[in-house]
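Chemist: sequence first, predicted coordinates after that:
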Amino acid sequence: PGQLRRMVVAEALLIGVLASAVGCLLGSYGAPRLAAWAVGEDLAPRWFTVGDHTWPYSMAFWTGVLVALSGAVAASWRAGRTGPAEALREAAVDTGTMTWGRRLSGGGLLLTAVVLPVLALVGDPGDLLHRKTYISRPLLLITAVALLAPVLV
């Protein structure tokens with residue numbers, strides 16, 4: 001179990017560092033271009049620019065590494081507790097992929113994602129054109145689908 005945990009965590013550390021570094025590199029090239037495009041399309045004010053601060057890249061890098069390691073530790077902890085015979089039994093029949101909390105959260109978010117636009121269409125259709133709804137309402141649907149993905153798969 002310890003060897004399995006170390007192997008999974010080491011792989012996550014390697015992949016997390018590489019992916020975070022590539023993300024920061026792409027962000028350093030893409031962010032100024034995106035800001036210039038947003039100003040050119042009048043989506044942002046003329047004074048909007050991407051500064052030369054380095055702390056956002058540092059925060060993004062370490063957040064990426066931390067998320068990768070957290071996920072790996074959680075996954076390796078369960079995998080390390082599973083014995084060889086139990087692993088073979090679980091591999092034959094994969095049960096318990098959807099917890100009740102996940103089903104309840106996914107169903108509630110899916111219901112909310114469907115009901116909110118319907119209520120807006122019935123009450124005030126112009127409310128759907130506000131910029132704040134472009135992000136919040138699709139995120140409800142995206143999160144619901146992510147939670148219910150094992151059922152869809």
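Modeler: In hand now; what should we look at?

Chemist: quick one: contacts of the helix or strand Pro117 falls within?
Modeler: For Pro117, the host element (DSSP states H and E) is helix 100-123. Helix 100-123 is contacted from outside by 127-128, 133, 137, 140-141, 143-145, 147-148, using CB atoms under 8 Å, 6 or more residues apart in numbering. For glycine as for every other residue, the C-beta is placed from the backbone atoms N, C-alpha and C.

Chemist: list the buried ones in that helix?
Modeler: For helix 100-123, the neighbour count (16 or more other CB atoms under 10 Å) marks 102, 106, 109-110, 113, 116-117, 120 as buried.

Chemist: could you export the residues you listed as a markdown table, including distance to Arg5 and pLDDT?
Modeler: Below are those laid out as a markdown table (distance: CB to CB, whole Å; pLDDT from 0 to 100):
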| residue | distance to Arg5 | pLDDT |
| --- | --- | --- |
| Arg102 | 25 | 89 |
| Gly106 | 30 | 92 |
| Leu109 | 33 | 94 |
| Leu110 | 35 | 94 |
| Ala113 | 38 | 91 |
| Leu116 | 43 | 88 |
| Pro117 | 45 | 86 |
| Ala120 | 48 | 84 |
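
Chemist: of all those residues, which two lie farthest apart?
Modeler: Arg102 and Ala120 (27.5 Å; CB to CB).

Chemist: which other helices and strands does the helix or strand following the helix holding Pro117 contact?
Modeler: Using DSSP H and E, the helix or strand that follows helix 100-123 in sequence is helix 131-147. Helices and strands touching helix 131-147, by 3 or more CB pairs under 8 Å, 6 or more residues apart in numbering; DSSP states H and E, are helix 100-123.

Chemist: just the buried residues of the contacts of helix 100-123.
Modeler: For the contacts of helix 100-123, a burial check counting by 16+ other CB under 10 Å picks out 137, 140-141, 143-144, 147-148.

Chemist: point out where the protein drops to low pLDDT.
Modeler: For the chain, the stretches with pLDDT under 70 are 80, 87-88, 90-96.
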